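1. Okay, here's the prediction I keep looking at, along with the sequence it came from:
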Amino acid sequence: MVTIDLVYFNAGGGHLAAARALEETIRRQRRPWNVRLVNLFEILDPNGVFERLTGMKPEGYYNARLASGWTIGLGRELRVLQALIRLWQGALVARLSSHWRATRPDLVVSLVPNFNRVMHDALAQARPGVAYATVLTDLADFPPHFWIEPGTSQHLICGTARALEQARAAGCDPRHLHATSGMILRPEFYRAAPFDRAAAMRELGLDPARPTGFVMFGGHGSRAMRLVAARLRDRQLVLVCGHNAALAARLRAAPAPAPRVVVGFTPRISELMRVADYFIGKPGPGSLSEALQVGLPVIVARNAWTMPQERYNTEWIEENGVGLVLDSFRSIRAAVDATITRLDAYRRRIATIRNVAVFEVPGILARLIADGAARGADPACGDYVAGRGAPAWADRRRDITLHRAPGTASCC
């Protein structure tokens, strides 16, 4: 059986969410693959030395910054991190190379930024000829050394025209560039089961006759949600705080004349989004794509606090006319009023966007595996033998076919 490693880390929630969504889709498509979810930091620091020395996991500092909303300066800190990765390149490559030499994957798929050259070089040492692919979970790269690593044999799976343009401009091999129709979303966002919106709202204690906002600032929340909730005290809201229990408690304790629902971490995001009329949050690629998938126009902010890798997302919102970009959430009330008056126009525009990336990526991975088999990449692999070409299952068309009507666009 072909073994695929999906590499993630827990800085933010989007990387693990994308890995799990891809794993579930591969399983539902009945691909004969052994899929392993691999936490990068558990390989690099298997004994938890960093946590013992600092009192937090490697991603803990970043997540704490997100929860506090104190994201100013992250661009400079990102460059410091990248410099440290280059400084420790040899040790990191050695650790990863040893891991992959022992575990013998037939394909490595990265869903994380910053570490792609390290992982690429480690795999090349440990498993020569085995393909290394990176699925960008951002709408665009933030060069240098964020997602795209020119001069390597890295395969890039890009969900936007902008990311593809960046890869071409960086001189990447065109044969290693693969386009999808957007960001990876959990399969639940595509299930067409009957949904009684009014009944679901009443069950939550909401009034089906009132416009409803869905407020979410990633998997760790943000104190910006307190400002939004205070400015919209008389508006019906669903506020999702993720892992930020303290924020959820404060929002529940705040008096509000309008019905509102405050939840912590929940697997019911798609269901909760479907009771709403509009989305308020940070311009994260995952939450933005989720909102659009269920037809919600988006309201986000772009200012000094916006994370550098998410700034392009705000440009994309404006270019595609799917929401509003504010200078500050202090003007959220007027933005909500404007959005509600244009709901029908926004919904028509959003309906032209089609994102089925999670169903497209397994087909791309199948081609990479088949190409490796045709080259005889690893004669020791049980599913194929050098010189015999691709295994028979690689030609089966399990991935969906896109039928895009005139005037429709990909998600990004």
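-> Cool, got the structure. Everything numeric here is computed off the predicted structure, so don't read it as measured data. Residues are numbered from 1 along each chain as shown.

2. Run through the helices of the stretch 1-150 of the chain in chain order.
-> For the stretch 1-150 of the chain, applying DSSP state H, counting those that start in this stretch gives helices covering 14-28, 40-44, 49-54, 60-68, 74-87, 89-103, 116-126.

3. need the least confident one among the ones you listed, by mean pLDDT.
-> Here the lowest mean pLDDT among these goes to helix 60-68, at a mean of 66.

4. Regarding the protein, what is its longest helix?
-> Determined from DSSP state H, the single longest helix within the chain is helix 357-375.

5. What angle do helix 14-28 and it make with each other?
-> Direction vectors for helix 357-375 and helix 14-28, defined by axes from the mean of the first three to the mean of the last three CA atoms, to 10 degrees, enclose an angle of 70 degrees.

6. Let's have the helices of the stretch 1-150 of the chain in JSON lines, adding mean neighbour count and distance to R250.
-> All C-beta atoms are positioned from the backbone trio N, CA, C, and that covers glycine. JSON lines is the format used below for those (neighbours: other CB atoms under 10 Å; distance: least, CB to CB, whole Å):
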{"stretch": "helix 14-28", "mean neighbour count": "20", "distance to R250": "25"}
{"stretch": "helix 40-44", "mean neighbour count": "19", "distance to R250": "30"}
{"stretch": "helix 49-54", "mean neighbour count": "11", "distance to R250": "27"}
{"stretch": "helix 60-68", "mean neighbour count": "18", "distance to R250": "12"}
{"stretch": "helix 74-87", "mean neighbour count": "13", "distance to R250": "24"}
{"stretch": "helix 89-103", "mean neighbour count": "16", "distance to R250": "40"}
{"stretch": "helix 116-126", "mean neighbour count": "21", "distance to R250": "38"}
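
7. Pipe the ones you listed into TSV and attach distance to F329 per row.
-> Below are the helices of the stretch 1-150 of the chain laid out as TSV (distance: least, CB to CB, whole Å):
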stretch	distance to F329
helix 14-28	21
helix 40-44	32
helix 49-54	32
helix 60-68	15
helix 74-87	18
helix 89-103	39
helix 116-126	33
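
8. Please identify the buried residues of the longest helix of the chain?
-> Using 16 or more other CB atoms under 10 Å as the test for burial, helix 357-375 gives 357-370, 372-374.

9. Equivalent analysis for stretch 317-325, please.
-> Applying 16+ other CB under 10 Å to stretch 317-325 flags I317, N320, V322, G323, L324, V325 as buried.

10. Need the max-distance pair from the residues you listed.
-> N320 and L324 (12.3 Å; CB to CB).

11. List the contacts of the residue nearest to H145 when sequence neighbours are not counted.
-> Of all residues not flanking H145 in the chain, Q82 sits nearest, at 5.0 Å (CB to CB, 6 or more residues apart in numbering). Listed by CB atoms under 8 Å, 6 or more residues apart in numbering, the contact partners of Q82 are N114, P144, H145, F146.

12. Any idea how many residues pack against R168?
-> By other CB atoms under 10 Å, 12 other residues sit near R168.
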